[in-house]
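Enquirer: Can you look at this prediction? I've put the sequence above it.
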Amino acid sequence: MTTWRIRDFHPSDLDGILHLWGAMTASGIEPVYSLSEVLASCQADYAAVALHGDDVIGAAVARAAHEQGWIVFLATLPEWRSRGIGTALLSALEHRMAPLGLTKLSALMPDTETRVDAFLNRGFKDVKNLRFFERQIPVQRAELGPLAQLGGRVLPRDLWENVAGMRREKQLLERRLVLPLAEAELADEFGVVPPRAVVLFGPPGTGKTTFAKAIASRLEWPFVEVFPSRLAGDSEGLAGALRRTFTEIAELEHAVVFLDEVEEIASHRAGDPPSPMQGVTNELLKIIPAFREQSGRLLVCATNFIRALDSAFLRHGRFDYVVPIGLPDAEARSAMWQRFIPEAVLGNVDVDQLVARTEGFSPADIEFAARSASQRALEKAVYAPDGGASAAADGGATAAADGWASAAADGGEVPAVSDLAGGRPTGTGANGRRGPSTEDYLEAIAETKTTVSEEVAAAFLEDIEQLARV
Ligand SMILES: Nc1ncnc2c1ncn2[C@@H]1O[C@H](COP(=O)(O)OP(=O)(O)OP(=O)(O)O)[C@@H](O)[C@H]1O
Ligand SMILES: [Mg+2]
């Protein structure tokens, strides 16, 4: 006599499903679909349960995706196995889903799954040679609201690789920050306390913002930038708005939180009467310890003026590391030039010479010089193809701007690109390639004013001596 029966799922069966889930995982089967998905499908899709009296002893759950149905859960309590319950559950589900007109019913089961017979009995084929790929989406649905509210986003995955050169800084950040955060369990085994907050300091344009974003990209955590200047007009005042912002950030599972130009809100507290910023600095000093208590997040503060920061701000216990990001050395500059020079002409440009001529340049300066060289080469090619080619050939300094000036002085019109006779000029340089030449780059370098003066560079070295902590 059958002592069990099958019926459709009722909401009151949820406890029974949880019990089944527990029994399944306890017997070493790791289900493919998560519990939350199974429960969601019980309520929104199709589910059948097997009952003994009022007790749930088995369940099958499925959902439809276009023309294909997927069994997302099939379980029977161990003591009730081998009695045809699985087969009956699958049959009930198929019956319930028949009106959908599905072409296929599929199931993805762990290879430790033991109820193979239930599937075979219902005419399922055991498909061999399949592989299962899975990727965790970094931001979960519940976080989308708070993340949008904060203006946060998930950055492209390749930012870390795109940081050219800066080997020392990269290695340091990789080891001290990324490793313990990305491999939290391993770090825990070794007793490493994961970092929660760091300061990046250095002259303008050296890559602090770039590194902060690259760290987020590397960890695959959303990047949230906090802009004190935007919060300043808030009705709660800057301190209140900062507090609220960090409360919202606490709702995120993971985040790299970036606070740029932090000296503006955390400078030395001094003066009588106290400056209105002191309240903000005090607030920030309170926010950081609370922030540190939560895992899965990292605060990155950046500053050009580390000396201006309040001493309490940099104290041990608030920031794990205070990392200098300085001007690129020759190796880093070489990597940057190779990144910025178009691939097609790279082989013909004397990169070593550019590297030698750009000592003291920041990445931002190099990027600027590279862009101006490209622009001037393009203009030469289009507006003064002959002059451009010969200038490149004889190493002359006929900048595009000169061509422009002389065209205007002649009373001649500067031709629009579409008016150029004989179609588009080739812009072929001495090297037989289109694109900027070494000379174009050298000219652009000569005209680029470096951002970091010698005094600033010297002060930075002193700051490293006195304040860096890595
Ligand atoms: N290692 C690098 N490789 C390639 N480009 C870089 C690198 N570092 C910085 N850059 C480029 O240089 C420019 C300036 O970098 P970034 O904004 O990160 O500097 P910063 O230190 O934050 O400057 P600031 O102090 O002015 O805020 C950016 O356009 C960035 O793309
Ligand atoms: Mg910056």
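Expert: In hand now; what should we look at? Numbers count the residues shown, from 1 in each chain. Ligands and ions are numbered 1, 2, ... in the order given.

Enquirer: who in the stretch 151-300 of the chain is up against ligand 1?
Expert: 163-166, 204-210 (Cβ under 6 Å from any ligand atom). (Each C-beta comes from the backbone N, C-alpha and C, glycine too.)

Enquirer: Just put those residues in TSV and tack on secondary structure and neighbour count.
Expert: Output for those, formatted as TSV (DSSP: H, G, I helix; E, B strand; the rest coil; neighbours: other Cβ atoms under 10 Å):
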residue	secondary structure	neighbour count
163	coil	24
164	coil	23
165	coil	22
166	coil	24
204	coil	12
205	coil	21
206	coil	26
207	coil	27
208	helix	26
209	helix	16
210	helix	19
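
Enquirer: tell me the strands in the stretch 201-350 of the chain, going along the chain?
Expert: All strands of the stretch 201-350 of the chain, identified by DSSP state E, counting those that start in this stretch, fall at 223-226, 255-259, 297-303, 321-324.

Enquirer: In TSV, list the ones you listed along with mean neighbour count and distance to residue 96.
Expert: Compiled in TSV, the strands of the stretch 201-350 of the chain are given as follows (neighbours: other Cβ atoms under 10 Å; distance: least, Cβ to Cβ, whole Å):
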stretch	mean neighbour count	distance to residue 96
strand 223-226	22	44
strand 255-259	25	42
strand 297-303	25	44
strand 321-324	21	58
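
Enquirer: shouldn't residue 41 be in contact with residue 63?
Expert: Yes - under the criterion of Cβ atoms under 8 Å, residue 41 makes contact with residue 63 at 4.9 Å.

Enquirer: what sits in contact with each of those two?
Expert: Counting by Cβ atoms under 8 Å, 6 or more residues apart in numbering, the common neighbours of residue 41 and residue 63 are residue 72.

Enquirer: before we move on, what SS does residue 7 have?
Expert: Per DSSP: H, G, I helix; E, B strand; the rest coil, the secondary structure class of residue 7 is strand.

Enquirer: Contacts only, for it.
Expert: 48-49, 51.

Enquirer: picking up where we left off before, any chance of the strands of the stretch 201-350 of the chain in JSON lines, with distance to residue 129 and mean pLDDT too?
Expert: JSON lines is the format used below for those (distance: least, Cβ to Cβ, whole Å; pLDDT from 0 to 100):
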{"stretch": "strand 223-226", "distance to residue 129": "40", "mean pLDDT": "96"}
{"stretch": "strand 255-259", "distance to residue 129": "40", "mean pLDDT": "96"}
{"stretch": "strand 297-303", "distance to residue 129": "42", "mean pLDDT": "96"}
{"stretch": "strand 321-324", "distance to residue 129": "48", "mean pLDDT": "95"}
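
Enquirer: so which of the ones you listed gets nearest ligand 2?
Expert: Between ligand 2 and those, the shortest gap by Cβ to the ion is with strand 297-303, which sits at 5.7 Å.

Enquirer: from the chain's centre, how far out does the closest one sit?
Expert: For strand 297-303, the separation from the chain centroid amounts to 15 Å (computed by Cα atoms, centre = their mean, to the nearest Å).

Enquirer: Repeat that for stretch 136-150.
Expert: Relative to its parent chain, stretch 136-150 has a centroid offset of 13 Å by Cα atoms, centre = their mean.

Enquirer: Over to stretch 446-459?
Expert: On Cα atoms, centre = their mean, the centre of stretch 446-459 falls 31 Å from the chain's centre.

Enquirer: Now do the end-to-end distance for that stretch.
Expert: Terminal residues of stretch 446-459 are spaced 25 Å apart (Cα to Cα, to the nearest Å).

Enquirer: what is the mean pLDDT for it?
Expert: For stretch 446-459, the mean pLDDT works out to 93.

Enquirer: Now that stretch: buried residues?
Expert: If you call a residue buried by 16 or more other Cβ atoms under 10 Å, then stretch 446-459 has these buried ones: 448, 450-452, 457, 459.

Enquirer: Can that stretch be said to contact ligand 1?
Expert: No - with Cβ under 6 Å from any ligand atom as the criterion, ligand 1 is not reached by stretch 446-459; the gap is at least 7.9 Å.

Enquirer: How about residues contacting that stretch?
Expert: 203-206, 307, 327, 360-362, 364-365, 368-369, 372, 460.

Enquirer: Using neighbour counts, give me the buried entries of these.
Expert: If you count burial by 16+ other Cβ under 10 Å, the buried members of these come out as 203, 205-206, 327, 361-362, 364-365, 368-369, 372, 460.

Enquirer: Kindly reformat these as TSV containing distance to residue 337.
Expert: Output for those, formatted as TSV (distance: Cβ to Cβ, whole Å):
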residue	distance to residue 337
203	20
205	16
206	16
327	14
361	10
362	13
364	14
365	12
368	13
369	9
372	14
460	23
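
Enquirer: which pair in these spans the largest distance?
Expert: 372 and 460 (25.7 Å; Cβ to Cβ).

Enquirer: Output the strands of the stretch 201-350 of the chain as JSON lines; include the columns distance to ligand 2.
Expert: Shown next, in JSON lines, are the strands of the stretch 201-350 of the chain (distance: least, Cβ to the ion, whole Å):
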{"stretch": "strand 223-226", "distance to ligand 2": "10"}
{"stretch": "strand 255-259", "distance to ligand 2": "9"}
{"stretch": "strand 297-303", "distance to ligand 2": "6"}
{"stretch": "strand 321-324", "distance to ligand 2": "14"}
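
Enquirer: what does the model give the residue in the stretch 51-200 of the chain that ligand 1 sits nearest to for pLDDT?
Expert: Proximity of the stretch 51-200 of the chain to ligand 1 (Cβ to the nearest ligand atom) peaks at residue 164, 3.6 Å away. pLDDT for residue 164: 91.

Enquirer: What part of this structure, helix or strand, is modelled with the least confidence?
Expert: Counting by mean pLDDT, DSSP states H and E, the chain has its least confident helix or strand at helix 400-409, which shows a mean of 41.

Enquirer: Skip ahead from that one and say which helix or strand is next.
Expert: Downstream of helix 400-409, the first helix or strand assigned by DSSP states H and E is helix 438-447.

Enquirer: In that following helix, which residues are buried?
Expert: Quick answer for helix 438-447 (16+ other Cβ under 10 Å): 438-445.

Enquirer: ok, now which ones touch the most centrally placed residue in the chain?
Expert: By Cα atoms, centre = their mean, the mean C-alpha position of the chain lies nearest to residue 217, the distance being 2.6 Å. Residues near residue 217 by Cβ under 8 Å, 6+ apart: 155-160, 223.

Enquirer: cutoff 6 Å now
Expert: By Cβ atoms under 6 Å, 6 or more residues apart in numbering, residue 217 lies in contact with 155, 159-160.

Enquirer: Out of the buried residues of stretch 446-459, which sit inside strands?
Expert: Among those, the subset assigned to strands under DSSP state E is empty.

Enquirer: Thanks again, I'm all set now.
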